[in-house]
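Could you look at this predicted model? Sequence included:
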Number of protein chains: 2
Amino acid sequence: MYLKSYFWPDNQNKMEVKIRKATVADMEAVYGLVCELAAYEKEPEAVTVDVGAYVEAFSQKLIDVTVADANGEIVGIALYYLTFSTWKGKCLFLEDFYVKPALRQAGIGKMLFDAYLEEAKKLGALQAKWQVLDWNQPALLFYAKYDAVIEKNWWNGKIYFNTKDTQ
Amino acid sequence: MYLKSYFWPDNQNKMEVKIRKATVADMEAVYGLVCELAAYEKEPEAVTVDVGAYVEAFSQKLIDVTVADANGEIVGIALYYLTFSTWKGKCLFLEDFYVKPALRQAGIGKMLFDAYLEEAKKLGALQAKWQVLDWNQPALLFYAKYDAVIEKNWWNGKIYFNTKDTQ
């Protein structure tokens, strides 16, 4: 259903982007994209887990992932898990949502997000929920197209048990 | 381990408060406290799920709850579930944390929160995470005692699939 072909990025080679559920074999690539983003944000040391944690969480069904697969290369991810709101019930929380910068503005993010919303409904969730950085205007504009509610009055509290983690 | 006796609230009858894991039979009382809080916040209609959703989520191990049991009455709750940070790994998220207003300032909240942190470590989580309203000074002071990190730069995005839900 979510399948698009592009002549791209060099306008010569045809690239086919397929949106599909990840398998455990994709965890290495998923982890790679997360590390790439952290490095881009100049926080490579903030990633303190290794790919083994992803494989474990995926195998235990704690997380699930939808990927954008471009001719066999993972170029985008939507990583999510079920949560529960005491007011609204079952919820699918989008923990990470990323498309490689070079491949943006081509609708891959929209395909991934739509697939995530479909998955949420399929799982019987009553809401989809995520977080966005307050300065991230492109992301806020993207979510506005979905008429998403944006709440600005909650802060995140955290306690790290791993002494390596400070942020 | 978390067991305290109080002469309270009338200084005559001894009340014993026990912190323990909830059973499915407690879900009615847990739901009751959530509704009480929503009514207190003048948003009783915001709770659009019924107790059945709690029983289902608890039975499916999507959520777990630690309760403060005062002579058989549930007077406080910590409701949480496992999540996953792509940077930090497994996390125990505290979705709801409430002590009946009449029984506050007696350390019940601290006992519940400590039990929640212990549970997080026991489950192999590398962090504890929750949200707090930006105006909630008593809660912020409470978390400051734990040297919690408070992040102020994330907004919550939400899409409701249930048309009854608007906030």
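Thanks, I have the structure now. Residues are numbered from 1 along each chain as shown, chains lettered A, B, ... in the order given.

Report the contact partners of the closest residue to A:Asp134 other than its chain neighbours.
Once flanking residues are discounted, A:Asp134 sits nearest to B:Asn153: 5.0 Å by C-beta to C-beta, 6 or more residues apart in numbering or on different chains. C-betas here are computed from N, CA, C, even on glycine. Shown in contact with B:Asn153 (C-beta atoms under 8 Å, 6 or more residues apart in numbering or on different chains): A:133-135.

Relative to A:Trp135, how far out is B:Asn153?
7 Å (C-beta to C-beta, to the nearest Å).

Same question for A:Asp69.
Distance from A:Asp69 to A:Trp135, by C-beta to C-beta: 30 Å.

And those two? Which one has more around it.
A:Asp69 (18 against 8; other C-beta atoms under 10 Å in any protein chain shown).

so that one makes contact with A:Ala22?
No - counting by C-beta atoms under 8 Å, A:Ala22 is not a contact partner of A:Asp69; they are 9.1 Å apart.

For chain A, which segments count as strands?
Using DSSP state E, the strands of chain A run over residues A:3-7, A:14-21, A:64-70, A:73-85, A:89-99, A:127-133, A:149-151, A:154-160.

hang on, the earlier thing: for the residue nearest to A:Asp134, phi and psi?
Reported as degrees, to the nearest 10, the phi and psi values for B:Asn153 are phi -110, psi 20.

Let me see the contact set for the residue nearest to A:Val51 when sequence neighbours are not counted.
Residue nearest to A:Val51 in three dimensions, not counting chain neighbours: A:Tyr31, with 4.2 Å by C-beta to C-beta, 6+ apart. Contact partners of A:Tyr31, counting by C-beta under 8 Å, 6+ apart, are A:50-51, A:54.

Among these, pick out the one closest to A:Asp26, please.
A:Tyr54 (9.4 Å; C-beta to C-beta).

Which pLDDT value belongs to the closest residue in space to that closest one that isn't next to it in sequence?
In space, A:Tyr54 comes closest to A:Met27 once its chain neighbours are excluded; the distance is 4.4 Å by C-beta to C-beta, 6+ apart. On pLDDT, A:Met27 comes in at 98.

A:Phe7 now?
The model's pLDDT for A:Phe7 equals 55.
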